[in-house]
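>>> Return atomic coordinates for the entry below.
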Amino acid sequence: MYAATGPGMIAPNARGLPPRIYVANGRYIDVVDPGAARVVGRYRTGAAASRVVPSWDLRRLWATDRRRGRLVPIGPHGGRRGRPVRVPGPAGLYFTPDGRDALVPARGPRRIDVRDPRTMALRASVPMPCSAGHADFSLRGRSLVATCTAAGELALVDLAGRRVAGTLRLPEGARPGDLRLSPDGAVFLVADAAQGGVWLVDARRFALLGFVRTAPGARGLAVSRDARRLFVVGDGTLTAVDFHTRRVVSRWPLPGGGSPVPGGVSSDGTKLWLADPAGIVYAVSTRTGRVLRKVRVGGRPAGLCVHPQPGRYSLGGTGLYR
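Reported below is the predicted structural model:
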């Protein structure tokens, strides 16, 4: 599943790019050099960028601007911002594993738009039973599982048929968010900030298996470079869950006790980068949880992207690679 995302396994398209952290920070994308631990650039997006997502082929980045309904392309090679593309209400951006389609969860009406991955021209729309935000793909890439936080449910989308093939309602009070497929492709692990842990969902039967309690506010996820652990970011806490045993193996406090947003694991696997809404991005050790780097960017960072990262291609979202 994650065989091509190990330490240093950068795809040919992204080799030669300097390691950078792209921070979605209001009307700007701040660029951080992780080695020097300082801001080295800034792109003006013109509105409130909430995510920075690598394209399927890793050749460009897309900043999502939900407030103004735009996707803003950024060229990491030349360092230039491209012409924004009008896309109504983007709640996220994903790419099918074959790279043929871009998928944009949107609202008003609730749907997932199928778009050209290069031009973002609309190809089709899949009506949704709820407002989707986060998503991940099945082992063979034939289906997409999307979470609907407010509705407390998950939706299974048949990608070939471009239709919803099923829904799964979680127990009362659940608020599902980010999710990741386990390395063996058998289970989706779904973060739930309200319940303070991750739900386990059978990927084949699309049925609930159980729940792993981590810490209050569990909302962000990242996979370790060796694909043995899932990092769960909560309110002032970073928890590591073993994929095989599905048990908590580490729990570390985070500075300030706030609610940071995970951005991704460094190429060598030693650091997890996080964005603090207080205007700071920082890296913690994936072995000890200790803070290793801290960079003040100001503003109110909403998300960040570590680029490049190991992987043959990007599936978008909050750091999905295969």
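>>> Which residue is the nearest non-sequential neighbour of residue 311?
Beyond its immediate neighbours in the sequence, the residue positioned closest to residue 311 (CB to CB, 6 or more residues apart in numbering) is residue 321, lying 3.0 Å away. Quick note: C-beta positions are derived from backbone N, CA and C, even for glycine.
>>> what are the phi and psi values for the closest residue to residue 87 other than its chain neighbours?
Closest residue to residue 87 apart from its sequence neighbours, by CB to CB, 6+ apart: residue 71 at 5.0 Å. For residue 71, the backbone dihedrals (degrees, to the nearest 10) come out as phi -120, psi 130.
>>> Any stretches of the chain with poor pLDDT?
78 (pLDDT under 70).
>>> For it, give the strand that spans the most residues.
Ranked by residue count and defined by DSSP state E, the top strand of the chain is strand 20-33.
>>> Which of the residues in it are classified as buried?
Of the residues in strand 20-33, 20, 21, 22, 23, 24, 25, 26, 28, 29, 30, 31, 32 count as buried by neighbour count, 16 or more other CB atoms under 10 Å.
>>> Stretch 229-249 now?
In terms of neighbour count (16+ other CB under 10 Å), stretch 229-249 has its buried residues at 229-241, 243, 246, 248.
>>> Stretch 124-143 too?
If you call a residue buried by 16+ other CB under 10 Å, then stretch 124-143 has these buried ones: 126, 128, 130-139, 143.
>>> Tell me how far stretch 32-48 lies from the chain's centre.
Going by CA atoms, centre = their mean, to the nearest Å, the spacing between the C-alpha centre of stretch 32-48 and its chain's C-alpha centre is 19 Å.
>>> about what we covered before: any chance of JSON lines for the buried residues of stretch 124-143, columns secondary structure and distance to residue 118?
Supplementary listing: the buried residues of stretch 124-143 in JSON lines, determined by DSSP: H, G, I helix; E, B strand; the rest coil; distance: CB to CB, whole Å:
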{"residue": "126", "secondary structure": "strand", "distance to residue 118": "20"}
{"residue": "128", "secondary structure": "coil", "distance to residue 118": "24"}
{"residue": "130", "secondary structure": "coil", "distance to residue 118": "29"}
{"residue": "131", "secondary structure": "coil", "distance to residue 118": "27"}
{"residue": "132", "secondary structure": "coil", "distance to residue 118": "23"}
{"residue": "133", "secondary structure": "coil", "distance to residue 118": "24"}
{"residue": "134", "secondary structure": "coil", "distance to residue 118": "24"}
{"residue": "135", "secondary structure": "strand", "distance to residue 118": "20"}
{"residue": "136", "secondary structure": "strand", "distance to residue 118": "23"}
{"residue": "137", "secondary structure": "strand", "distance to residue 118": "20"}
{"residue": "138", "secondary structure": "coil", "distance to residue 118": "24"}
{"residue": "139", "secondary structure": "coil", "distance to residue 118": "26"}
{"residue": "143", "secondary structure": "strand", "distance to residue 118": "24"}
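>>> Now for these: which two are most distant?
In those, the most distant members under the criterion CB to CB are 131 and 139, with 26.0 Å between them.
>>> how near is the closest residue to residue 243 other than its chain neighbours to residue 192?
Closest residue in space to residue 243, ignoring its immediate chain neighbours: residue 182 at 5.3 Å, by CB to CB, 6+ apart. In this view, residue 182 and residue 192 are 17 Å apart by CB to CB, to the nearest Å.
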